[in-house]
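Trainee: Sequence plus the predicted model coming up.
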Amino acid sequence: MYKKEPIMPLLISHRMRGFDVTESSLEGLARALNSSFDGVEFDTRVSLDRTLFVNHDPDLHAFGGHRLLISNCDARELSNLVHPVTGKPLPTLREFLAIASAHQRSDFYICIDIKESGYEAQIVELIKTFQLMERVIFFSWVPQALMTMHAILPEAPLYFSYYPVTGRIYLLALKARAQFIRLYGSLMRKPNRYAQLKSYFHGPFNSDIDDLCNSVGFETEYYSMRLPEGKFGEALRKSNGGVCVDYRLINKDFGRACRSAGFKLCCYGVRDNAMIKKIGSMQPDIILTDDPDVTK
C-alpha cells in the first residue's frame with residue numbers, strides 16, 4: 001500500500017542537480033536524502049551487458065566529455081571510466097537503490113525515469129530487493145515502458161512525460177524543424193543531439209502506442225495535442241499517476257483538463273521559489289526542481 005497522499009505537492013529534486021558538482025551522483029543522493037525534499041528523480045540507462053546505470057543522456061558527454069554510447073559499452077568499461085572532476089565512475093541503479101534503502105527516511109520518494117524500454121522487470125527486481133516498493137514512482141517518455149511497468153507492478157504511480165502542443169500547425173512546424181536539424185547534421189557530418197533523438201508527433205493521441213520501436217541508446221521526445229487516451233490513459237489513471245510536463249508550456253486550463261480526465265500533474269523546469277508561486281494556480285501534485293534551495 002502506498003502512503004496517504006499529501007495535501008501539498010511533493011517537492012522532488014530533478015536529477016539531484018545542485019547537490020553535487022555532477023548531477024545524479026551517489027554523493028548528491030546522500031545529500032538530498034538529508035534535505036527537506038520529498039524525494040529525488042533520476043534516469044536509467046542500459047549497458048551492452050544489460051546492467052542498469054544512472055544517467056540522463058544516452059551517451060556520456062555530460063559525464064566528463066566522453067561521447068561513448070552507454071548501450072555500446074559493457075559494465076566493466078563503464079566502471080573504468082571516471083569523471084575528470086570527481087574521480088568517480090558512473091553509478092549503477094543498484095548502488096542508488098542501496099543508498100536510498102539504507103537511509104532512515106521512509107517518507108522519501110524514489111522517482112525513476114525509465115529512458116529505455118525492455119528492462120522494466122530488472123528494475124522491479126532491484127526495487128523489491130531493496131524493499132522500496134511503497135516509495136517508488138515511475139516516469140517515462142516511452143509509453144511502452146509505462147505500460148509494461150503497469151502490468152508488472154500495478155500499484156506503482158506512473159507519469160508520462162511529453163510536450164503538450166496547442167494547434168496542428170504548431171505540431172507540424174515542430175516536426176519539420178526536427179527533420180531539418182537531423183538532415184542538416186547528417187549532410188554536414190556533424191554530431192548533433194538529433195542523431196540520438198527519436199521524436200514522435202501526434203494530433204489525436206495514439207492510444208495503442210504501436211508505432212514506437214526500440215528506445216535503447218536514444219533520447220525519446222513525444223509531442224501531442226491531447227492528453228493520453230485509450231488503454232494507455234486508463235493505465236495512468238489506475239496507477240494513481242498522470243502526466244509530467246514543462247510548466248512553461250501549460251496554464252490553469254491544462255491543470256483543470258488533467259483533473260477532469262483523472263490525471264495527476266507533475267511540473268518540471270521549476271528553478272526558484274517565484275516559479276513555484278506562479279504554478280500554484282495549476283495545482284500540481286509533484287514539482288520537479290533543479291534548485292536545491294527552493295521551498296514549498
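Mentor: Here it is on my side, so go on.
Trainee: all contacts plus neighbour counts: C-alpha atoms, from now on.
Mentor: Noted.
Trainee: now the stretch 101-250 of the chain, which segments are flagged as low pLDDT?
Mentor: Within the stretch 101-250 of the chain, the segments meeting pLDDT under 70 span 189-193, 203-213.
Trainee: Look up which residues are beta-bridged to the residue most central in space within the chain.
Mentor: Centre of the chain computed as the mean C-alpha position; nearest residue by CA atoms, centre = their mean is residue 113, 3.2 Å away. Per DSSP bridges, the residues bridged to residue 113 are residue 43, residue 139.
Trainee: Quick check: it touching residue 136?
Mentor: No: using CA atoms under 8 Å, residue 113 is not in contact with residue 136; the gap is 10.6 Å.
Trainee: For the stretch 51-200 of the chain, which segments count as helices?
Mentor: Counting by DSSP state H, counting those that start in this stretch, the stretch 51-200 of the chain has helices at residues 75-80, 93-102, 120-129, 143-152, 168-187.
Trainee: which of these is buried the deepest?
Mentor: Highest mean neighbour count among the helices of the stretch 51-200 of the chain (mean count of other CA atoms under 10 Å): helix 143-152, with a mean of 20.
Trainee: Distance from that one to the middle of the chain?
Mentor: Distance of helix 143-152 from the chain centroid (CA atoms, centre = their mean, to the nearest Å) equals 14 Å.
Trainee: So what touches that helix?
Mentor: 114, 116-118, 120-121, 124, 138-140, 156, 158-160, 209, 232, 235, 239 (CA atoms under 8 Å, 6 or more residues apart in numbering).
Trainee: now with 6 Å?
Mentor: Contacts to helix 143-152, defined as CA atoms under 6 Å, 6 or more residues apart in numbering, come from residues 117, 120.
Trainee: now the helices of the stretch 51-200 of the chain in CSV, with distance to residue 218?
Mentor: Shown next, in CSV, are the helices of the stretch 51-200 of the chain (distance: least, CA to CA, whole Å):
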stretch, distance to residue 218
helix 75-80, 18
helix 93-102, 19
helix 120-129, 17
helix 143-152, 14
helix 168-187, 14
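Trainee: among these, which is nearest residue 30?
Mentor: Residue 30 sits nearest to helix 93-102 of all the helices of the stretch 51-200 of the chain, at 7.2 Å, using CA to CA.
Trainee: So residue 162 sits against residue 222, correct?
Mentor: Yes: the pair residue 162 and residue 222 qualifies as a contact (CA atoms under 6 Å) at a distance of 4.9 Å.
Trainee: Who has more neighbours out of these two?
Mentor: Taking other CA atoms under 10 Å, residue 162 and residue 222 do not tie; residue 162 has more neighbours (22 against 17).
Trainee: Residue 221 versus residue 199, what's the distance?
Mentor: 5 Å (CA to CA, to the nearest Å).
Trainee: now do residue 124
Mentor: When residue 124 is compared with residue 221 (using CA to CA), they lie 24 Å apart.
Trainee: Report pLDDT for residue 7.
Mentor: Predicted confidence (pLDDT) for residue 7: 54.
Trainee: Same question for residue 58.
Mentor: The predicted local confidence for residue 58 is 93.
Trainee: Now for the closest residue to it other than its chain neighbours, how many residues are close by?
Mentor: Nearest residue to residue 58, sequence neighbours excluded (CA to CA, 6 or more residues apart in numbering): residue 217, at 5.2 Å. Neighbour count for residue 217, taken as other CA under 10 Å: 21.
Trainee: Fine, thanks again, bye for now.
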